[in-house]
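Asks: Provide a 3D model corresponding to the input given below.
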Amino acid sequence: MFSFCTDPDTLETARWLACYLTTGKHLNLYYAVGTVLLLLAVTAPAALIFGFGGAVMARSRIAPLRWLGTGYISVVRGVPDIAFFLFFVIALDQAFEWIRHQVKCPDWPDPIRQGNDFVVCAEAKLPLSNSAQFWHEAYGFSLAVLTFAIVFGAFAANVLYGAMRAVPRAQLETAEAYGMTPRQSFRRILVPQMWVYALPGLSNLWMVLIKATPLLFLLGVEDIVYWARELGGTKTPQFTDYPHGDWRMWYFLALLIFYLAFTRVSEIVLDRIMARLTHGQATAAGEAQRRARPA
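Replies: Numbers count the residues shown, from 1 in each chain. This is a model prediction of the structure:
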């Protein structure tokens, strides 16, 4: 990275460290940090969409939709997250390839299931074997996002379902008395007010989502925990220009500081959002704000 990094053996400590932290593998570590942040930025709204859909179905008057919504919430909440992460990646990958196989290779004579093997035609593989490395990484990342969204969407659905039930029924009845249809009262009364009740639970879920990002390694994505372990291990002069002992403790300490700083920033932002939402609302938080104001 720097011009003075040509001969690491002649560098003083500060320059040696600067060169060491800008090697190609360390750039992969920094790239992995961006991957984690991108995952959170995409997964959070996606999980919220899944959660909102699940909550709406769970309170639906149509029995099949209600059963689907409550089943989605109950099943995902009742199974360890790691089991779903391992299951969904394989299941989604095979489902996508099966659909492509049916479209692109309708005359395929062999069975797709051959014992324990899942075999589709070459044109149906995702991604294609001749695709650039970027598309392999993008596909793995997309599966990870979808898996995170499905799993955490179930928890978000439970939170939103409880928040919808917490909105006073009298307000909905008043809206109906003014001539609003159920759909109008849902959109104009229930949904705007439910966020006040949902935000504490969604805040906790956001923290859990942040702490769950190391599960990316199980989904085939090289995350920051993977690279911290890889880079922190003992390096000998035969394999690297920057040999060192077992530095994993320092790398994991840096990860600890990163996650603590990130969660602290999240807490500050969420507290401000909560204060804005509860301003003037007849909730416990709103009442606390009213009492805190000087007379």
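Asks: leaving out the residues flanking it, which one is nearest to Phe96?
Replies: Spatially, and ignoring its direct neighbours in sequence, Phe96 is nearest to Leu126 (5.5 Å; CB to CB, 6 or more residues apart in numbering). All C-beta atoms are positioned from the backbone trio N, CA, C, and that covers glycine.
Asks: mind checking the SS state of the one you found?
Replies: coil (DSSP: H, G, I helix; E, B strand; the rest coil).
Asks: can you pull the contacts of it?
Replies: Contacts for Leu126 (CB atoms under 8 Å, 6 or more residues apart in numbering) come out as Asp93, Phe96, Glu97, Arg100, Tyr139.
Asks: now the third one: which helix or strand?
Replies: Translated: Glu97. helix 81-104 (DSSP states H and E).
Asks: remind me what that helix packs against, helices and strands.
Replies: Helix 81-104 is packed against helix 133-166, with contacts defined by 3 or more CB pairs under 8 Å, 6 or more residues apart in numbering; DSSP states H and E.
Asks: quick check: next helix or strand after the helix it packs on?
Replies: Defined by DSSP H and E, the subsequent element after helix 133-166 is helix 169-177.
Asks: skipping its backbone neighbours, what lies nearest the residue nearest the centre of the chain in space?
Replies: In the chain, the residue lying closest to the centroid (CA atoms, centre = their mean) is Thr43, at 4.1 Å. Closest residue to Thr43 apart from its sequence neighbours, by CB to CB, 6+ apart: Phe148 at 4.4 Å.
Asks: and Gly201, how far from Met194?
Replies: Separation of Gly201 from Met194 (CB to CB, to the nearest Å) stands at 11 Å.
Asks: so between these two, which is more surrounded?
Replies: The neighbour comparison of Gly201 against Met194 (other CB atoms under 10 Å) goes to Met194, with 22 against 16.
Asks: just list the residues touching the nearest residue to the more buried one once chain neighbours are set aside, thanks.
Replies: Of all residues not flanking Met194 in the chain, Ala163 sits nearest, at 4.2 Å (CB to CB, 6+ apart). Residues in contact with Ala163, defined by CB under 8 Å, 6+ apart, are Met194, Trp195, Val196, Tyr197, Ala198, Gly201.
Asks: retrieve the pLDDT associated with Glu97.
Replies: You'll see Glu97 listed with a pLDDT of 87.
Asks: how far away is it from Gly78?
Replies: 29 Å.
Asks: who has more neighbours, these two?
Replies: Set side by side, Glu97 and Gly78 show more neighbours around Glu97, with 18 against 8, by other CB under 10 Å.
Asks: right, and that one touches Ala122 too?
Replies: No. In this structure, Glu97 is not within contact of Ala122 by CB atoms under 8 Å, at 10.9 Å.
Asks: burial count for the nearest residue to Leu216 once chain neighbours are set aside?
Replies: Leaving aside its sequence neighbours, Leu216 sits nearest to Asp223 (CB to CB, 6+ apart; 3.9 Å). If you count neighbours by other CB under 10 Å, Asp223 ends up with 21.
Asks: so for Glu287, what's the pLDDT?
Replies: 51.
Asks: ok, Trp195 - contacts?
Replies: Ala163, Leu277.
Asks: quick one: it and Trp98, what's the gap?
Replies: 39 Å.
Asks: and what of Ser185?
Replies: Taken as CB to CB, the span from Ser185 to Trp98 is 42 Å.
Asks: which of the two has more residues huddled nearby?
Replies: Taking other CB under 10 Å, Ser185 and Trp98 do not tie; Ser185 has more neighbours (18 against 15).
Asks: excluding its backbone neighbours, what's nearest that one?
Replies: That would be Ala175: by CB to CB, 6+ apart, it lies 3.9 Å from Ser185.
Asks: any weak-confidence spans in the stretch 151-295 of the chain?
Replies: 279-295 (pLDDT under 70).
Asks: if we go to 90?
Replies: 151, 164-197, 199-200, 211-248, 270-295 (pLDDT under 90).
Asks: what ranges do the helices span in it?
Replies: Taking DSSP state H, counting those that start in this stretch as the criterion, the stretch 151-295 of the chain carries its helices at 169-177, 182-185, 191-212, 224-232, 248-278, 284-292.
Asks: of all those helices, which lies closest to Val33?
Replies: Closest approach to Val33 among the helices of the stretch 151-295 of the chain (CB to CB): helix 224-232, 5.6 Å.
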